Every structure is written in C-alpha cells, then in structure tokens.
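In: Got a sequence here, can you build the structure:
(2 chains, ligands or ions: 1)
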Amino acid sequence: MVDMNVLIVGVGGQGTLLASRVLGAWADIAGKDCKLSEVHGMSQRGGSVVTHVRIGSDIAAPIVSPGEADFVMAFEKLEALRFAYYLKPEGTILINDQEIMPMPVITGAAEYPEDIYGRLAADGKKYISVPALELAETAGTSKAVNTVLIGALAKITGEELETVEEALKRTVKPKLLDVNLAALKAGYDFIK
Amino acid sequence: MKKLMLTNEAVARGAWEAGVKVVSSYPGTPSTEITEFCAGYPEMYVEWAPNEKVSAEVAIGAAAAGVRSMCCMKHVGVNVAADPLFTAAYTGVNGGMVLVVADDPAMHSSQNEQDSRFYARSAHVPMLEPADSAEAKEYLKRAFDLSEEYDTPVMLRLTTRSAHSQSYVELADRVEREPKPFVKDIKKWVMMPAAARGRHLVVEKRERELKDKELPEFYKIERRSDKTGIVTLGAVYQYVKEATDASVFKVGMVYPLPVEAIRRFAETVDELIVCEELEPFIENQLKAAGIECRGKDIFGLQGEFSPAFIREKLYGIKAPAPVSDVPGRPPVMCAGCPHRGVFYVLNKLKLNVCGDIGCYTLGANPPLSAVDICVCMGASVGMAHGFDKADSPLKRKTVAVIGDSTFIHSGITNIINAVYNKGTSTTIILDNSITGMTGHQDNPSTGKRITGEATAKLDLEKLCEAIGVQSVRVVDAYDLEAVEKVVREETAREAVSVIIARRPCALLTKSYPPAYSIDPDKCVKCRACLRIGCPAIEFIGGKVRINKELCVGCGVCKGLCRFGAIKEGR
Ligand SMILES: Cc1ncc(C[n+]2csc(CCOP(=O)(O)OP(=O)(O)O)c2C)c(N)n1
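Out: Reported below is the predicted structural model:
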C-alpha cells in the first residue's frame, strides 16, 4: 500500500463511512500508520458528508488539509466539484458518475452545475470517472458504490486485489461479502 | 493487540478495562457511540437514561454504592446534568465516577458552541482531555484512579474531531474490582447546609492539592524551537505539531491547569502562544498568573481549528479555497420522513411554530419553512406557553412541536406546567418512536432497552391524560387531511391539548411499497408537489420526476396533486 491522503466525499446515506473503514483495515494489513476522521451521528440522509483518511507513518492530524489530498474519492459529481480544492496538484479525483440533486436544486433555488468534468479539467484537476452505480448494480446491489470505488483506488495505486479483499472481509458483514467482493473486482477491473 | 479504533470506542473499551460496572447516558452527537459501544460489553450494566440529569444521578448513586460508574453526554447535556454534578463534587464518590463530555466546535450538529471546560472549573472537578484514541483510553482509566484517590467526580473532555477520529489503540484486559461498601455518613453524603459547609472545605483542599501537584503524567513538552512555544491540547495538539515547528507544551489535565510548569516552559522561549479552540480558558488563566502570552487575538473564538487554519493565522500561508458557486447540500428530512407532512400542514395554516431539537428542526428550512423559534431540548412546550401567557396576538396560532425522545427528555414538565397554570397551548408530539437525530437510539417510548431487550413501553396518551391534558388526540402523520383537521380543532380550543402525530421513522421501516411516479400526461407542471420538500421529487429540465431510488412510497405527495398526476407504482 502506498502512503496517501484520501478525502472521501458524498451524500449522507451513500456508504462513505464503510469506504473509510475498508481503507483503515487495508492500512492495518499493510502495517501502516493510519488516522481517520469521520463525521457521523445524524440519521438523516441527504447532506454533504466528508471523511478524511491518512495513511503513512507517524501521522499527527486525523484530517487532510486543502491542497494535500492524493485522492478525492467522490461518490457524487457535485461533491467532486465542491471538494476538488483538497487535491494536491498531482492528485487524482475518482468520481462516481452519478448526480444526486440537493434540496436547493430540487426547489429551484439553485441549478445543478453543467459540465462538471469540463470545469474540473479547465481547472487542471486530474480525474477518473467511474460508472460505480452501474457496476455495483451489476455486481448485485446499488449499495456497493463504495466498494467499487475502493477497487478502482486499489488498482490505480498498484495494490494486489487479494490485499483489499482481505480488508473487505474484515469490514463487511459476512452475508454481504460476496456482492461486495464482486463489486470490488468490478471497480478493480474497470481501471485499465 | 493493536486495533484501529474510533476514540468513542476507545473510551468504551477504557471503561471496560477500568472495571466500570454502571454506564448511564443520554445520546448526543458527538458522544453517542461511547455508550453504544459500552453496551457491547456484558460485564457492564449500560442504559439510556431519559436525560443527562438522570444519567448523572444514576452514575452518582452507583459510585456511592461502591462501583465504578460513567455517564456520557454532549456539551449542552452538561447544562442539564449540572445540578447533580456541582453537588456531587461536594459529596465526592466511593467507587470512581467519570462524566465524559464531548464539545462540538464548529457546531457540526449542535445549537451552540459552549466550552465545557468552564464546568470543570466552576464545579471544582478535575478534567482531562486526550488527543487521540489511545490517549483517550489511558486518560479515562487514569480518570477513574484520580476519582478514587481524590474522592471526586472527574470529567473527560472530547471534541467532535477527537471523538470521531480513529487511530491505533493497544488493548488490555479488564480489571475487576471489589465493590466498596457504602458507609453511612451524613457529613459526607447528605448535603444540607451544615454538612455542605464542611464538604466545601474539603473541595477546596482537594483542589489545592491537585493544583500544587501539577501531575507530570498529564503534560508533555516537545522542544523544537527556542523562538516560539505553543501551549495546546486535545485534537488541536495534533494540528499544531503538523502546522508549526514551535516547541509544544501539551496540556492533558485541563483543570486544574499546570500553571507553574507552563511558566517554566514560557521562560525557555521568546514568545508564548496558546492555541485552543473556543474560549480563552487556558490563556486567561496564564494571564491571570502573570505569564505573558497571546492566543485569541490570533485565532479568535469561532469554530474548529485545522493545520491549514493555524498555518494561515500564524504564518499568513493561505490554503487553496473552495469554489464559490457550487449549490449547497444541507441535510434534509429523508424521503418518507413522517415529520414532513406535519410541517407542510403547519406552513399551510400559517401557524407560529415553537420548535425543538431533533430531525424535525429541519422543518425550519425552505420549502417547509415552518419552524419559527428553537432554543434547546424541551423548550418548545414552555415557549408556546410563554406566547400564551404573554397574550401574544399569535397566541391562538401557536403550536409547540417536539419529538418523542425530546418530550421525554424535558417536555413533560413543561406540559405539567401548562396544565397546572391553566394554559391553552397546543403541543404536537412527532412520535416516530425512536431518537432519530442522533442515529436511532431506543428511548422509553420504544419499548426496548439499549441492548434490544424488551421492556415497559411508555404510553404517551395515558401520560398526558394523567397530567390533566384536556384533549389528547392521535393522528397518522401520513394522513395530512386528518392532521390538518385535528390541528385546526385543537389550536381553537381554550385548553391545553396534545396531538400525537404517529408513524415510525422511515429509515426503520423494513418493507416499503413500490415507488410512486408521475403521469406525464396529467402533470401540468404546477409544481405544487415540490412544496413538500421531498428529496425524491425533483424538477429537472422543466419536468417533475420521482426518483425511484429514493421514494419509499409513503404516498404523502399524492394528495397534493389536484390533477391526479401522482400515481402508485410505475
Ligand atoms: C441537552 C441535549 N441533549 C442531547 C442533545 C442531542 N440531541 C439532539 S436531538 C436529540 C433527540 C431527538 O430525538 P426525538 O426528539 O425523538 O426526535 P427525532 O430526531 O427522532 O425526530 C438529541 C438527543 C441535545 N441537542 N441537547
């Protein structure tokens, strides 16, 4: 496993917490120091959520600073745009190619930005779009968007699939393991 | 064995290792998970109390009975628990007792940004603050030792960032402890003036002793520069280490503060800076002791710190900023939330709504825009009675709105007050049969304990009747016609009334009917259905659409369409 700062962003209810826990287990298996910072406690869904993951050695702060993320793992396109400023100049945003309308857009008070990919590119941000919802549905559940993205991250960082499979085994409930392993592989194989 | 652990989990583990026997808490972000994790250890008795005052009193009783006890709460919970806390500082303990408090700088999920360190000082109890998961577990265990050694309750303070961070923790075994006998001694245990005067002297003596000792295990000096020294604590300590190359004095015992050790540290650097979130708690004590330092003039009182914030404030280095034109994504009531329809009706009837704390506070946001005032847990009912007794022109148009957990927490006494004092206010209990906001904790109205075990279920109707409420009505929160009718009738009534709008939380409903959909031939795009603010109903590209991923088929929107365009199923 490589040392990295990862910012996981999405919409409450999308399973961002599980993604950070898998990363934690992965770091543990790799013998790395790791700190995570989660925001949780609210049941309601639909708000913007952020989880910080830092993997390396002798880590102090559990949060990633703007401009210092190696990866922003975005579960939703608008959230990718919102948190792109956390990225290092050489960092990559991994984007689940899905749009979820926030309340101000639903009520017509604001518009969902057009051409998010174009804006990110114009801003010099490197991004990889992953059809994670589709891949998760094919794997057996729309809830496994998180695992698809972890699979993609594993491949991009040159990790063996087996290591991340082990991390998944430590993190997800046994009865959900098979679909999640399939989703992980789908994300892994998506990156060429 | 080493394990990656949430600090809140580490606190629970620490309680278990310390041999704690009784844990009583009331949920509150960011402290809730401590008690939930505690419930996973069968060696400890763990409960959800109806509020923080009760939880502290249970812990005081258990400690007096001779076992180790703990109660956990968020910062505002200490306001509720303050009464027993201040006097338990006088009686002292028998078995050790620790009150864990989690502050919320930046108000990730709170109604104010109060700093609980002042409670330690004004109640004269020691307070420790850890900087990560491992330290949280160690400090909690040491807090129990201190509690027994100095015969006092001890506070452990966390903040949102420390409570909700994970880092590695070394696990140890549980040490069982023999319960100490409770020895009858009215001079120690019965706080009447004569005895309390004696105990107040004990409190002062104990505090002086701890102050003079300045226990070195609870501070740490890291020398890096002779120019700047920074005094810091908790999560902020980690940020300071990362953002600066200053020498660091890390405070672990927040109260009493090791002032003389800090004075010695100050003498070794050219300038001393205090880096602490919220109030100048440490800074002012140092200044009062004649130690020159800076702090709040650099960092201010507001919000949460971060390495980037400290770099900017100390060195003027600006971190990349977010783009400004991205629409916000505030939390919303979920699709199918039973609260939504009630607020739709309150908005439609243009009522003056005294709100309360819970998921339903979101009813203040557009498009529902139905909550007009919200202060603290339980306040809705009292405030509505206040509008009533002020003879406000809004009097007959005012309702209180309160959740089931909040009603039990501190709404009940308010209803008693309204009935007793011949009020005429109307209270709507939004009974989704769970403590929703904090992540679904059971409460006395759910009929289940924290362990999931079945127990007596509080009957809200009978309770209100017993109090003397003249009219107690129950409605289905999804049936908007019925809700509207009952609200009209009860607000018109010249007596105290309670409406219980009942439906379980949509997130806990196991099987949903199929999603609804819009018949494009019938939809005239009047957008009346959007006024209910359901995240599943979208207006995109000039068309109204129901998002089948989100819709749980509650059907509340169907009645809003005069053209019959909303239909069940596809
Ligand atoms: C004194 C105090 N304790 C705890 C909290 C944390 N808290 C906020 S809302 C809430 C409970 C909400 O439950 P309920 O009233 O049943 O409404 P729901 O969220 O289920 O709609 C709690 C415990 C608080 N804000 N203040």
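
In: which regions of the stretch 451-570 of chain B sit below the pLDDT cut-off?
Out: Residues of the stretch 451-570 of chain B meeting the criterion pLDDT under 70: none.

In: Mind listing residues that contact the lowest-mean-pLDDT helix or strand in chain A?
Out: Using mean pLDDT, DSSP states H and E, helix A:103-106 stands out as the lowest-scoring helix or strand of chain A, at a mean of 88. For helix A:103-106, contacts defined as C-beta atoms under 8 Å, 6 or more residues apart in numbering or on different chains pick out A:46, A:110-112, B:327-330, B:332, B:365, B:530, B:533, B:535, B:537-539. Quick note: C-beta positions are derived from backbone N, CA and C, even for glycine.

In: Please save the CA atoms from that helix in PDB.
Out: This file holds the C-alpha atoms of helix A:103-106, laid out as PDB (Å, rounded to 0.1, in the frame of the first residue of the first chain):
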ATOM      1  CA  MET A 103     -32.600  20.400  -2.000                       C
ATOM      2  CA  PRO A 104     -31.800  23.900  -3.300                       C
ATOM      3  CA  VAL A 105     -31.800  22.400  -6.800                       C
ATOM      4  CA  ILE A 106     -34.900  20.400  -6.200                       C
END
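
In: Next secondary structure element downstream of that helix?
Out: Sequence order places helix A:116-122 as the next helix or strand after helix A:103-106, per DSSP states H and E.

In: Mind giving me the packing neighbours of that next one?
Out: The contact analysis (3 or more C-beta pairs under 8 Å, 6 or more residues apart in numbering or on different chains; DSSP states H and E) places helix A:116-122 against helix A:77-83, strand A:126-130.

In: Now do the buried residues in the shortest one.
Out: Neighbour counts over strand A:126-130 (16 or more other C-beta atoms under 10 Å in any protein chain shown) mark A:127, A:129, A:130 as buried.

In: for residue B:348, phi and psi?
Out: Main-chain torsions, residue B:348, degrees, to the nearest 10: phi -60, psi -40.

In: contacting residues around the nearest residue to it once chain neighbours are set aside?
Out: Closest residue to residue B:348 apart from its sequence neighbours, by C-beta to C-beta, 6 or more residues apart in numbering or on different chains: residue B:484 at 7.2 Å. Counting by C-beta under 8 Å, 6+ apart, residue B:484 touches B:345, B:348, B:349.

In: Which of the residues you listed are buried, as a PyMOL select command?
Out: Command for PyMOL that selects the buried part of the contacts of residue B:484, burial taken from 16+ other C-beta under 10 Å:
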select buried, chain B and resi 345+349
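
In: got a list of contacts for stretch B:540-560?
Out: A:101, A:112, A:142, B:335-336, B:338, B:340-341, B:344, B:478, B:480-481, B:506, B:509, B:512-518, B:520, B:523, B:525, B:527-532, B:534-539, B:566-568.

In: For residue 108, which residues are in contact?
Out: Chain wasn't specified; assuming chain A. By C-beta under 8 Å, 6+ apart, the contact list for residue A:108 reads B:527, B:530, B:539.

In: wait, chain B
Out: Contact analysis of residue B:108 by C-beta under 8 Å, 6+ apart lists A:39, A:41, B:29, B:30, B:160.

In: quick check, nearest of the buried residues of strand A:126-130 to the ligand?
Out: Using C-beta to the nearest ligand atom, residue A:130 is the member of the buried residues of strand A:126-130 that lies nearest the ligand, at 34.6 Å.

In: ok so, going back, let me have the helices and strands packed on helix A:116-122 in CSV, extended by mean pLDDT and distance to residue A:55.
Out: Shown next, in CSV, are the helices and strands packed on helix A:116-122 (pLDDT from 0 to 100; distance: least, C-beta to C-beta, whole Å):
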stretch, mean pLDDT, distance to residue A:55
helix A:77-83, 97, 18
strand A:126-130, 98, 19
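
In: which residues in chain A form helices?
Out: Residue ranges of the helices in chain A, as given by DSSP state H, are A:16-29, A:77-83, A:103-106, A:116-122, A:132-139, A:145-156, A:161-171, A:177-190.

In: which one of these is the most hemmed in?
Out: Of all the helices of chain A, helix A:145-156 carries the top mean neighbour count, a mean of 27, counting by mean count of other C-beta atoms under 10 Å in any protein chain shown.

In: Check what contacts that one and list those residues.
Out: Contacts for helix A:145-156 (C-beta under 8 Å, 6+ apart): A:6, A:14-16, A:18-19, A:22-23, A:26, A:71, A:73, A:75, A:92, A:94, A:96, A:98, A:128, A:130, A:132-133, A:135-136, A:139, A:161, A:163-164, A:168, A:172, A:180, A:183-191.

In: any idea of the mean pLDDT for that helix?
Out: The average of the pLDDT scores along helix A:145-156 is 98.

In: pull the CA atoms of it into PDB?
Out: What follows is helix A:145-156, C-alpha atoms only, in PDB (Å, rounded to 0.1, in the frame of the first residue of the first chain):
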ATOM      1  CA  VAL A 145     -20.800   2.000  -4.900                       C
ATOM      2  CA  ASN A 146     -18.300   2.400  -2.100                       C
ATOM      3  CA  THR A 147     -16.600  -1.000  -2.700                       C
ATOM      4  CA  VAL A 148     -16.400  -0.300  -6.500                       C
ATOM      5  CA  LEU A 149     -14.500   2.900  -5.800                       C
ATOM      6  CA  ILE A 150     -12.200   1.200  -3.400                       C
ATOM      7  CA  GLY A 151     -11.500  -1.400  -6.100                       C
ATOM      8  CA  ALA A 152     -10.600   1.300  -8.500                       C
ATOM      9  CA  LEU A 153      -8.400   3.000  -6.000                       C
ATOM     10  CA  ALA A 154      -6.600  -0.300  -5.300                       C
ATOM     11  CA  LYS A 155      -5.800  -0.700  -9.000                       C
ATOM     12  CA  ILE A 156      -4.700   2.800  -9.500                       C
END
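
In: got any ranges where the chain has weak pLDDT?
Out: I'll assume chain A. In chain A (pLDDT under 70), the answer is A:40-44.

In: Mind telling me which residue is nearest the centre of it?
Out: The geometric centre of chain A, computed from its C-alpha atoms, lies nearest to residue A:73 (C-alpha atoms, centre = their mean), at 3.2 Å.

In: how much space between that residue and residue B:460?
Out: Residue A:73 sits 44 Å away from residue B:460, going by C-beta to C-beta, to the nearest Å.

In: just to revisit the earlier point, counting neighbours, which of the contacts of residue B:108 comes out on top?
Out: residue B:30 (28 neighbours; other C-beta atoms under 10 Å in any protein chain shown).

In: How is that one assigned, secondary-structure-wise?
Out: Secondary structure, DSSP: H, G, I helix; E, B strand; the rest coil: residue B:30 is coil.

In: So which of the contacts of residue B:484 is the closest to the ligand?
Out: Of the contacts of residue B:484, the one sitting nearest to the ligand (C-beta to the nearest ligand atom) turns out to be residue B:345, at 16.6 Å.

In: pretty sure that closest one is in contact with residue B:485, am I right?
Out: No - under the criterion of C-beta atoms under 8 Å, residue B:345 makes no contact with residue B:485, lying 9.6 Å away.
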